[in-house]
Structure formats: C-alpha cells, structure tokens
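Undergrad: give me a model of this one.
(one chain, ligands or ions: 1)
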Amino acid sequence: MDALIEQLRQRFREALVAAFGGEFAATDPIVVPASNPKFGDYQANVALSLTKPLKQKPREIAETLVANLNIADICQKPEIAGPGFINLTLKPAYLELVLSQIAVDARLGVPTVKLPQRVVVDFSSPNIAKEMHVGHLRSTIIGDCIARILEFRGYEVLRLNHIGDWGTQFGMLITYLREVHPTALTTADALDLGDLVGFYRQAKKRFDEDPSFQEAARHQVVKLQGGDRASRRAWELICEQSRREFLQIYQLLDIKLQERGESFYNPFLADVVADLRQQGLLKEDQGAQCVFLEGFTNKEGDALPLIVQKSDGGYNYATTDLAAIGYRLQHDGATRIIYVTDAGQATHFAAIFQVAQRAGWIPLGVSLIHVPFGLVLGEDGKKFKTRSGDTVRLRDLLDEAIARAKADLQARLAAEGRTETPEFCDHVGQTVGIGAVKYADLSQNRTSNYIFSYDKMLALQGNTAPYLLYAYVRVQGIARKGEINFEKLGTDAQISLGEATELVLAKHLLQFSDVIAEVEQDLLPNRLCLYLFELSQKFNQFYDRCPVLQAEEPQRTSRLILSDLTARTLKLGLSLLGISVVERM
Ligand code: ARG
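TA: This is a model prediction of the structure:
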C-alpha cells in the first residue's frame, strides 16, 4: 500500500496525461497537505506551475485537470480556489476503509523499501580519554533515531562508532602516566575514566608548557604507531577504561553500536595518500602533503589545503576519514554513508567528500551525507556547563533526569493518593527521565541550538515526552477500566466516523507513513516528534468530546479501535525515536 499522498500524486499524474498528453507524465503534481483545514485535507498546486508551458490561465488548467481527475473513491468533489489551487477533502468512507486496513497491520501502513540497500550511520563517536560530552549525546540520540527509522524501513544499517582512539593524545597521556601512575599502563582497572580525563588535562598542560615533555610525547606517538609492545599495551588499557564508561551510557540509553575506531583504519592510511598522489591530487605545502580544495578559499581568495600527511609523516583526522570512506564503500558495500556530528565539522566533511569525489572513489548512486546539529545551551543561553563551570558529565546528566522524573511521579502519586511499588517508581522514573532527555533533543530542529532544561523536558504539558507518554497511558487506562483486550476487538470490526474530532484524529492517523517517508528523506526527527505531539493533542480532543466506553455500538467498538490505533502509533513512533512507553504513570 502506497502512502496516501503518493496515491493522490499518482491520480494527478494520470489526470495530467489524460488532459494534456504524455509529455506531462513526469510533471510534479505538487500535492501537499492543506495549509489550513478550511481548505480541505490536501491541495494540488500544479495548475499554477503550468501556465507557461500550456499558455492558459491557471484556473482553466485546474478545471481541465479536475474534469480528468479520477479520484471519487478517495475524495469529495475537488474544489478550485483562488487563482487555481485544487482543494481535496477525504471522504469519511475512504478514511474508514484505509484505517481498518491499517488497524490490522503491525507496521501501521508503513511499507518496507523494495531495494534494501546498505547504509552506514556513523554516530556517537566520542574520544578516548576525553569525557563524552553533550555534543556526543546529541550525536548518539540523533544517530540512533536515524538508524532506527532506516532499519524499520528495511535498510541494512551498519551503526558505526568512529571512536577517537588514535592520535597525539596518547603520546601525552602515556608519557604523563609513566611519570605519575605507571601501574595504570600495565594493570587493568587501575584507573577509571574520571581519573583519565583529569590525567589527560594535566598531560595537556605539561605538553603546552614543557618542551622536553613535548618531545617525549611526540616520540611516544611514533613508538605507538610503530607497534612498540609496551606502548600498545598501555594504549589498550587506556581504551579499555574509556570504553567501560561509554558502555554504561549506551546501556542507559539503549543504544546499539559497533565500535570501529580511528585506529582500525591505520593500515590503510598510506594507501590513501598513495592513491591521491596517483590521481595527481597531491601538492606539497611547507612539507605537508595537501589536496587544494575547490570552492574553499581564505581571505586572500587562495584555495585552502586539506592536509592528508603532516610534515613529520604522520596522518590525521582527515586521512582517517578518507580511509574510512574507502573501506565503507569497498568492504561494507555501503550506498549511503551518514555522519552525525556537530555543525562545526561541516567544513571537514565537505572537504573530505570533495576529495573522495575528485579521486573517483564515489560510484554513481552513492551518497555521502553530513547530518549536522547545533549546540546544547544552558538555561542562561550560554554553553551548557555545571554551576562550577565544568563540562557536564553525561552520566550525571542522565541520572539527574531520572531522579527528577521519579520525584515528579512520587509527588503526583501522593497528590492522587495512589500507592505504587518502589520497582514501579524506578521503572517509570527511568523510562520517563531518559525518554524526556531524548525527546527534548529530537523534537528540536537539529540544525539549531537548543536550551537544556529539566523542567521543560519533564513537564506534563507541551511538546514533551511525558505529554506523549501520558496520551498512551490514557488509552491503556480505557482498556483497564473497560476490561478490553484490544487485540481481540476483531479484525472485521467496522470503523465509523461521525464526530468532527473523530475525523480529525482519523486523518492524522492516516499520515503516519507519509511522515516516516519524510523523515527518511530529510533526516529531521523533529518532524516525527511534531506528528506524535499533534496526534496526542488530537486524541485528547477526541477523548474529551467523544465517550468511548459509554458509547453505543457500533460507535463503541469503532472508538476503541481508534484509541488503540492511536496508542499503537504512539508506541511505534516513540520506539523509532528510541523511547519506550509505560503502561501506567
Ligand atoms: N570523534 C569525533 C568528535 O568527537 C567525531 C567523529 C565523527 N565521525 C567521523 N567519521 N569523523 O568530534
């Protein structure tokens, strides 16, 4: 079953051909959801775009189109408005038919892709020995959501964690630890990440202040990259410590990721440079091997270089990313590679994409996509920090959200005179707390900065996770109260729509697959959030106006199906955002 909007487009394409001939078969009918419900449910704006080729007035074109439009099974008689907009209103009978099909479909009308291509989603990707910060939290949440949506559509998704586990930080760190804490380099469990971050900070300070330390650290990097045993062992231990901390966060957030850090590509770096040289793309600049970029210039208008090998022979972040592109295309067979990082890395990705393109590595039909996101700000509008000015540890941030969600719940229980077990409170607190953090992030257009506020994200009102979860819980409450088993409502039970709020809810339910298709295209999860928020609002309006358990048959069953479908859409939609539901709260 094609999404509704696609069906409408198809009917218009047929009408275009019937009215104006085969050369209009590929014309975009410009069918969009109506901007205002008083114009109906959808509108087609194609007539206005055809005035030039047809040399007719848009209204005349619209009239001819409507006369050739075969759409009576889906819509009421189309109306032509203004200069030539064609307004479409869905027929209740059509809504009832399609909704009853969706109601018995576990995928709720969302089709799987016909060609399940392989997609790499490169996300989270924190750096060893540095604390995971809120930027990595955004990457983790957004990347996971994109991966979930692509997986649900049937793509083969490779979730890759491009951990920063290679590079100059290890030279400093090993040299420093050898001085102050040598057992950490030979014994497992000798330090935890908290210490490691502190050591890294001190090592960096030494590096910046002491030339002989600098020299030793540089030498240490060369030894490590040359495969020296003791250095390798020290490196492994340091990575192990960081990894443990990262894993805790991933477990708490329910994130699946395959680690393939920068070090993985080490064996391929020399080949990358050799290949670029062979393609004639390399130029030496102050001893470094560079590719001069097209379209990137400095103030003087000179082309900017992308360094792929430093003057000391070492490779860098860009070289590694170029090697990763090659590997993901050749070995992984990826046709789409999606990178989720902060917007600050936009230039880096534009540059490496260009170099890969010019080197002839990108086959036709393959796309490399950078998915950028903005900053997380504190409530003062400045960079998100603890009160003492330190970066916020992710672990603390998530624990705080959970603790606050649990406290909110307990306050509500007390106010309502309800008693629940401690396990219940822990479970709901955790689900709501984590869900709220994820939802607060995903519901913003990712390209803008957003303000992190526990109070806002945990509010029961507004575009928040608790509001959506509450709508879901309300439906489960209907089932408990009426002792209804939604699964046993019967597959042949009829949906009949009469009340205005029922129609509005039904039309919204029908748009789920359109929204999923949109998010898959634009990789903007906030579209799905908005859809689910509006679904919750429309359900609440319906539920306020229309009795469900008290209604007469056939209304009663029809409304129960509508409620259940709302809950299932919420549950599925939230699961695609990486958020679990609760049955009571
Ligand atoms: N480790 C990097 C950072 O913390 C992000 C890596 C993103 N992925 C990539 N292939 N460059 O900023």
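Undergrad: helix, strand or coil for residue 112?
TA: coil (DSSP: H, G, I helix; E, B strand; the rest coil).
Undergrad: from here on, count from 532
TA: Okay, using 532 as the starting number, the last item reads as residue 643.
Undergrad: separation between it and residue 1104?
TA: Distance, residue 643 to residue 1104, using CB to CB, to the nearest Å: 17 Å. For glycine as for every other residue, the C-beta is placed from the backbone atoms N, C-alpha and C.
Undergrad: in the lowest-mean-pLDDT helix or strand in the chain, which residues are buried?
TA: When each helix and strand of the chain is scored by mean pLDDT, DSSP states H and E, helix 724-740 comes last, with a mean of 87. Buried residues in helix 724-740, counted by 16 or more other CB atoms under 10 Å: 724, 727, 728, 730, 731, 734, 735, 737, 738.
Undergrad: which residue sits closest to the third one, ignoring its sequence neighbours?
TA: Counting by CB to CB, 6 or more residues apart in numbering, residue 662 is the residue found nearest to residue 728 once chain neighbours are left out, at 4.8 Å.
Undergrad: pretty sure the one you found belongs to a helix, no?
TA: No. Using three-state DSSP, the secondary structure at residue 662 is coil, not a helix.
Undergrad: what about the least confident helix or strand of the chain, distance to the chain center?
TA: 33 Å (CA atoms, centre = their mean, to the nearest Å).
Undergrad: and stretch 962-978, by the same measure?
TA: 11 Å.
Undergrad: any idea of the mean pLDDT in it?
TA: Stretch 962-978 shows a mean pLDDT of 97.
Undergrad: list the buried ones in it?
TA: Quick answer for stretch 962-978 (16+ other CB under 10 Å): 962-975, 977.
Undergrad: how many neighbours does the residue in the stretch 982-1116 of the chain that the ligand sits nearest to have?
TA: In the stretch 982-1116 of the chain, the residue that lies nearest the ligand is residue 1054 (15.6 Å; CB to the nearest ligand atom). Residue 1054: 19 surrounding residues under other CB atoms under 10 Å.
Undergrad: so the residue nearest to residue 728 sits right up against residue 924, yeah?
TA: Yes. At 6.2 Å, residue 662 counts as touching residue 924 under the criterion of CB atoms under 8 Å.
Undergrad: circling back to that earlier point, surely the residue of the stretch 982-1116 of the chain closest to the ligand and residue 674 touch.
TA: No. Residue 1054 is beyond contact range of residue 674, at 10.0 Å (criterion: CB under 8 Å).
Undergrad: identify the contacts common to these two.
TA: Common neighbours of residue 1054 and residue 674, using CB atoms under 8 Å, 6 or more residues apart in numbering, are 869, 902.
Undergrad: and stretch 1009-1016, how far out from the chain's middle?
TA: 35 Å.
Undergrad: pLDDT on it, on average?
TA: 95.
Undergrad: for stretch 790-810, same thing?
TA: Mean pLDDT, stretch 790-810: 96.
Undergrad: now what about that stretch, what contacts it?
TA: With CB under 8 Å, 6+ apart, stretch 790-810 has contacts from 659, 691-698, 756, 770, 774, 813, 820, 822, 839-840, 846, 848, 850-851, 853-855, 857-858, 886, 889-891.
Undergrad: for residue 574, give its distance to the ligand.
TA: Applying CB to the nearest ligand atom, to the nearest Å, the value for residue 574 to the ligand is 41 Å.
Undergrad: between residue 662 and residue 924, which is the more surrounded one?
TA: The residue with more neighbours, out of residue 662 and residue 924 and counting by other CB under 10 Å, is residue 662; that gives 22 against 19.
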